[in-house]
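Visitor: Fold the following.
(3 chains)
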Amino acid sequence: MVQMSAFDFFEEYLDKPSLFKNPDALTLKFNPDNIPHRDKEINLIAQILAPALKQVKPSNIFIYGKPGTGKTLVVKNVLKNMEKISGSKNIPLKLIYLNCKMQNVADTEYRVVAQISREFGKDVPITGLPTNEVYNEFFSVVDDTKQVVILVLDEIDVLINKCGDNILYNLTRINENLNNAVLSIIGISNDVNFKNNLEPRVKSSLGEEEIIFNPYDALQLKEILHQRAELAFNESSFDPLVIAKCAAYAAQQHGDARRAIALFRVAGELAERANKILSEEFVDMAEKQLEKDTVMELVKNLTLQSKLVFYSIISSLKNRVTPAFTGEIFEFYNHICNRNGLDVLTQRRLSDLIGELDMLGLINAKVISKGRYGRTREISLAVDADYVNKISIWLEDDLELK
DNA sequence: AGTCCACAGGAAGGGCAGGCGA
DNA sequence: TCGCCTGCCCTTCCTGTGGACT
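Guide: The predicted structure is shown next:
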């Protein structure tokens, strides 16, 4: 076989026609002008926010729906249009979008308030100031000019679960302290039940208007993918059945359009690499790869102790079909730590780490009662058996375990 | 019906790192 | 340099709990 040099490879790559016309159309950051099947929601949000253009405070909005139902996309779309019109007519309007899931940016009360102040050009240190002082800075900078401020807090449930609903109480009450400006809040949550955990005073002020985004069904997903396909792919570079397959996969996962689009993109990339037209087989391959990538990414980002706990769980469950219990895991974890000269956490802390691994979807942990033999968590792996071994080896290597 | 197990999970607080202003 | 602040990770102490066992 004649070996190909890297130069030849690049040359051939450049000459080869691509399947993609505009791969950006299949990314998360892509914000299409037309969002299919969300006209009702767009109109409703636009109606609620419209008073801002006449310098009247719009109602606060609380939006919820499962991931990939278009919440963020719709809100950003409405804001984009508001910005366009307020810019052209010189209307004093400030629109701020914050994703509360972004670590070290907007995941604590201090950081959110500091980040909003920064949006107004105020330089606030990352830490070091008392929270009420940050609020004062925030009040003064917001109230500096007569304007309507619309603050979008995306994934608000993550923020509230982490640091309580005090921040929402303070933000929804802020208008009492402002003389020139007014502030409205749009809260977006993936967790439909999140609002039930809020204090009543916060619940009533945040939820002046509530909008629910229902999951897309397979047909709607197909249309969304059609729209993106036209923008992203060159003509006749994919089998039309691919769209149906991506839609079907995503419909199984509570109608997640984000997932459908990612699947479409990865399948396209795999087909391009294989020098073939995008056909159904690449969707299956993409589905497997996406799952593997997410799991590995999660594992790699775990802290040292969480990795140790996860490794203990994998090892305890090796070669058995029955689930493990907290006590066993703790015993195994102790053993591993002692053997490797690592710090050992208490069982209380381990219990929290198990809960976190469960939240990440790496394990299934269910609280059960064994009657006379106590109450514990029943723990099993949520990761595909094919990858467990691979992850285990990676962890052994990464943690330099003996 | 009462006991008891093996935890779950809440509350409080310690210790440390990092940043600020005086 | 010092005191004060936040965030984070962790421990200690405690109460609560479901259901098998007595």
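
Visitor: Give me the below-cutoff pLDDT ranges for chain A.
Guide: Low-confidence segments of chain A (pLDDT under 70): A:1-4, A:102-107, A:123-132, A:161-164, A:192-201, A:207.

Visitor: quick one, strands of the stretch 1-150 of chain A?
Guide: In the stretch 1-150 of chain A, the strands defined using DSSP state E, counting those that start in this stretch lie at A:61-65, A:93-99, A:148-154.

Visitor: Would you format these as TSV with mean neighbour count and distance to A:G341 included?
Guide: The C-beta positions use only the backbone N, C-alpha and C, and glycine is treated the same way. Converted to TSV, these look like this (neighbours: other Cβ atoms under 10 Å; distance: least, Cβ to Cβ, whole Å):
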stretch	mean neighbour count	distance to A:G341
strand A:61-65	23	47
strand A:93-99	18	40
strand A:148-154	23	43
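
Visitor: what about these, which gets the closest to A:K203?
Guide: Checking these against A:K203 by Cβ to Cβ gives strand A:61-65 as the closest, at 8.8 Å.

Visitor: got the residues of the stretch 251-400 of chain A near DNA strand C?
Guide: Residues of the stretch 251-400 of chain A lying close to DNA strand C (Cβ under 7 Å from any atom of the strand) are A:303, A:305, A:344-346, A:348-349, A:352-353, A:369-375.

Visitor: Generate a ChimeraX selection restricted to the buried entries among those.
Guide: Buried subset of these, written as a ChimeraX selection, criterion 16 or more other Cβ atoms under 10 Å:
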select /A:305,344,345,353
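
Visitor: closest to DNA strand C out of the strands of the stretch 1-150 of chain A?
Guide: Comparison of these against DNA strand C by Cβ to the nearest atom of the strand identifies strand A:93-99 as nearest, at 14.2 Å.

Visitor: Quick check: nearest residue in space to A:E396, chain neighbours excluded?
Guide: Excluding its sequence neighbours, the residue lying closest to A:E396 (Cβ to Cβ, 6 or more residues apart in numbering) is A:Y311, at 7.4 Å.

Visitor: The one you found reaches A:D398, doesn't it?
Guide: No - checked against Cβ atoms under 8 Å, the pair A:Y311 and A:D398 is beyond contact range at 9.3 Å.

Visitor: Who has more neighbours out of these two?
Guide: Taking other Cβ atoms under 10 Å, A:Y311 and A:D398 do not tie; A:Y311 has more neighbours (23 against 14).

Visitor: In contact with the more buried one, which residues?
Guide: Counting by Cβ atoms under 8 Å, 6 or more residues apart in numbering, A:Y311 makes contact with A:336, A:392, A:395-396, A:399, A:401.

Visitor: Are any of these buried, and if so which?
Guide: A:336, A:395, A:401.

Visitor: ok, how many other residues are close to the closest residue in space to the last one that isn't next to it in sequence?
Guide: Right, A:L401. Spatial nearest neighbour of A:L401, excluding adjacent residues (Cβ to Cβ, 6+ apart): A:N340 at 5.7 Å. A:N340 sits with 12 neighbouring residues when counted by other Cβ under 10 Å.

Visitor: So A:N340 is in contact with A:Y333, correct?
Guide: No - if you go by Cβ under 8 Å, A:N340 and A:Y333 don't touch, sitting 11.1 Å apart.

Visitor: thinking again about what came up before, how about the strands of the stretch 1-150 of chain A, which one is nearest A:L298?
Guide: Closest to A:L298 of the strands of the stretch 1-150 of chain A, according to Cβ to Cβ: strand A:93-99, at 18.5 Å.

Visitor: can you give me the angle the closest one makes with strand A:148-154?
Guide: Interaxial angle, strand A:93-99 versus strand A:148-154 (axes from the mean of the first three to the mean of the last three Cα atoms, to 10 degrees): 10 degrees.

Visitor: Going along the chain, name the strands of the stretch 301-402 of chain A.
Guide: Secondary structure of the stretch 301-402 of chain A (DSSP E, counting those that start in this stretch): strands at A:324-325, A:363-369, A:375-381.

Visitor: Go through the ones you listed and name the closest to A:S5.
Guide: strand A:375-381 (44.5 Å).

Visitor: Direction included, what does that closest one pair up with?
Guide: Here strand A:375-381 is paired, per DSSP bridges, with strand A:324-325 (antiparallel), strand A:363-369 (antiparallel).

Visitor: from these, which stretch is densest packed?
Guide: strand A:324-325 (a mean of 20; mean count of other Cβ atoms under 10 Å).

Visitor: Mind listing residues that contact that one?
Guide: Taking Cβ under 8 Å, 6+ apart as the rule, strand A:324-325 contacts A:313, A:316-317, A:370, A:376-380.

Visitor: near DNA strand B, from those residues?
Guide: Near DNA strand B, by the rule Cβ under 7 Å from any atom of the strand, you find A:370, A:376-377 out of the contacts of strand A:324-325.

Visitor: which among the residues you listed gets closest to A:F30?
Guide: Once Cβ to Cβ is applied, the member of those that ends up nearest A:F30 is A:R377, at 40.9 Å.

Visitor: Inside helices: which ones of the residues of the stretch 251-400 of chain A next to DNA strand C?
Guide: Counted as lying in helices by DSSP state H, out of those, are A:305, A:348-349, A:352-353.

Visitor: Sweet, I'm off.
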